[in-house]
Structure formats: structure tokens, C-alpha cells
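Q: Return atomic coordinates for the entry below.
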Amino acid sequence: MPRHRPVPTRETNRRKKAAPPPQSPAGADRVSRRSSAGTAPRAAYRRAPLASLRVFVAVAEHKSFTRGADALGVTASAASMQVQALEEYLRVPLLRRNGRQVELTPQGALLRPKVEQALADLERAIDEARADRGSGPLRVTTIASFLAQWLLPRLPDFTSHHTGIDVQIHTSTELVDFVKTGMDAAIRFGAGSWPRLHVQKLFDEWLVPVCTPALLQRDGPIAEARDLKRYKLLHSTYEPWTAWLLEGGPDEVWPSSGAAFDDAIAIVRAAQAGQGLALSRWSLVADEVAMGRLAMAGRAVRSAHAYHFVCPPAHLALEKVAAFRAWLAAACARFPPPLRA
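A: Numbering: from 1, shown residues only. The predicted structure is shown next:
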């Protein structure tokens, strides 16, 4: 029986090595190594725990697992597990639990601004990459009271001049995530501090005491606290009478007695029905005063908050957003302040 010739050791070793591609250039190995190194960051991005990073930023911002979890719509236990997983992933402690309060460790304080910036850049990139954002309806979010009392009566003027733009209005008292909800723009009521967004002030807000003209004629104007005793007061949790008396009191207060509402439109309707004297935002009653359904009973007090047009900077280039912003700015410029301001 023929015996097979043993293969030399040198040839065996060559066979174990992967043969280079045919006609490979001299520097192919170096290029291959560079390409492999160049793909490493992409793999790192795929491994980055984005969900845990978002939870970490939210908990750090609110200094509470419960409030941070509420902001993201998850449970506090889920948020705690996400942060714990991130700490294990990074092998450094990020948050220090101090009773109900949560504090950043030195490592967490160093990481937080970098993560916030990176997440903002990522959201902006995703938002800008949506090719269909320029088409479709214009989606605007605002608070319900402003929509009902100020925006809605004026909106036909915009739609009549921009027949090709369908307007969809969303109402919420919460700050809306533009990327997650697909909103194009917002009209927000506040101090105007919303980082990484385009913010344009529209007009100042005023707090004004209003009642029916008949009630004003019977009980007379008001100038100080003792004058309020002549009226049955209607209370609002958002615009308490202390804000008028002290020219800027607490943000939200339930009164100890008397009719009270936690709905800004409801208190306007109660005043229109002659049920008493109400303190309301000027934007909600200006049209009622102009039509004679309500009358100002005293001085107007400037609110600490104002109305602002808000959107991601990339949305300013969208034609439908630009058209709405220009129309809104012009409409707000024509809106007069209260006469007794």
C-alpha cells in the first residue's frame, strides 16, 4: 500500500497562514489596519447605552429618581436600574443617594454636560434627517387656555392667507419633546429659558381684575386690598389674588375660602356670568373686554411670565414654520397691552 509523502513543516506553516488576496498592493495590510481602526467608533456608538444616558441626565436634572422617571414616562425602579447599569458599564459611581435627594458625584458632574450636549446633538441630527418635515401639516403645541381665548379667534387670518398649510394644534401644560412628538413649533408661556431651542418673545402678559360692566358699576373700581371686600372674589390657583396685591406673589395657591378654579377658562366664564370679580391673564380676557362682555375693575400687574414662540433651530428653515412664525409675530405686535397697565 503506497505511503503518503509527509508534508514539510515549512509548507504546513504556510498553509495555516491565511493567504493574501491576489495582486494585493504593497501597503494593503496597513490600509486594512487603518480601516479597521476607523470602524471602532461606530461599533462603540452601537454599544453606547443611550437609554441609560437619557435616564441619568433626567435624574440629575430633577435631583430625584421619581421626578426624573416621571419626566421620561418610566417607573422610578426602572430609572434606578438604568442608572445602576450605566454605573456598572462605566465602572464609576455617578449619583449619590442622600435621602430623597440625589446628588452628582464628581465623576457624574464631569459626565453630565458632555452627555447633555451629545444627546442634544443626536436629537438635532435625527430631527434634521427627517426628509418629510417640510411637507405635511403644521403641528403646533400650546396651552389650552391660550388656544381657546387668543389663538383660535385669530387663526382664520393665517389659514386664509396660507391655504396650502393645514394647521394641527396640540395642547399641553407640559414641555413637549419636539423629536418624540413630531411637533414643528410651540407657543410657550414662561420665563423664556429653554436651552438649545430657538426662543422668540411674543408679548408680555398682565394680570387684570375683571367682572361684568354691571358689577363694576354697582361695586366700583378697586385699588387696594380693602376694596376687594366689596366683591365676591373668584379665585384661580394659577393667578391668585396675592399676585395682584403683592404685584407678583406665589405661583400657585388654593384659597382658604371662596369659589376657586384650577382652569383659566372656567374663571373667565364665571366672571362673564356675573358670579364675581376674577383675576385673569390679559391675553384671555382682552377680546371680552373689547366686546364689552367684561370690564377692568383695577390696575394691571405685569406677570413674571410671557409668551414665546419656540422651536428647534433646524425648523426655522421649514417654509410652513417660517410662515407661521412671521404671521404670529405680526399678530402679537398688533395685540395691545391693557389700558391701565
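
Q: show me where this structure has strands.
A: For the chain, the strands defined by DSSP state E occupy 95-98, 101-104, 138-142, 167-171, 185-190, 198-211, 233-236, 259-261, 277-281, 295-296, 301-311.

Q: nearest to residue 271, of these?
A: strand 277-281 (4.0 Å; C-beta to C-beta). (Each C-beta comes from the backbone N, C-alpha and C, glycine too.)

Q: any idea of the pLDDT on residue 239?
A: What the model reports as pLDDT for residue 239 is 84.

Q: Looking at per-residue confidence, what score does the nearest residue to it once chain neighbours are set aside get?
A: Setting aside the residues directly before and after it, residue 239 is nearest to residue 279 in space (C-beta to C-beta, 6 or more residues apart in numbering), at 4.9 Å. As predicted, residue 279 sits at a pLDDT of 94.

Q: ok, now residue 101?
A: On the pLDDT scale, residue 101 gets 85.

Q: Run a quick neighbour tally on it.
A: In terms of burial, residue 101 registers 9 neighbours under the definition other C-beta atoms under 10 Å.

Q: what separates the closest residue to residue 148 other than its chain neighbours from residue 61, distance-wise?
A: Closest residue to residue 148 apart from its sequence neighbours, by C-beta to C-beta, 6+ apart: residue 265 at 5.6 Å. According to C-beta to C-beta, to the nearest Å, residue 265 stands 31 Å off from residue 61.

Q: neighbour count winner among the two?
A: Using other C-beta under 10 Å as the criterion, residue 265 and residue 61 rank with residue 265 on top: 16 against 13.

Q: Which residues are in contact with the more buried one?
A: 144-145, 148-149, 284 (C-beta atoms under 8 Å, 6 or more residues apart in numbering).

Q: what does residue 329 give?
A: Per C-beta under 8 Å, 6+ apart, neighbours of residue 329: 200, 202, 309.

Q: For residue 201, give me its contacts.
A: Applying C-beta under 8 Å, 6+ apart, one finds that residue 201 lies in contact with 192, 306-308.

Q: cutoff 10 Å now
A: If a contact means C-beta atoms under 10 Å, 6 or more residues apart in numbering, then residue 201 has 192, 306-309, 329, 332 as its contacts.

Q: quick one: the helices in this protein?
A: Taking DSSP state H as the criterion, the chain contains helices spanning 9-16, 28-47, 50-62, 65-72, 76-90, 106-129, 144-146, 152-161, 178-181, 213-219, 241-245, 264-272, 282-290, 319-333.

Q: State the distance from the closest residue to residue 141 other than its chain neighbours to residue 320.
A: Among residues not flanking residue 141 along the chain, residue 170 sits closest, at 4.2 Å (C-beta to C-beta, 6+ apart). Relative to residue 320, residue 170 is positioned 15 Å away (criterion: C-beta to C-beta).
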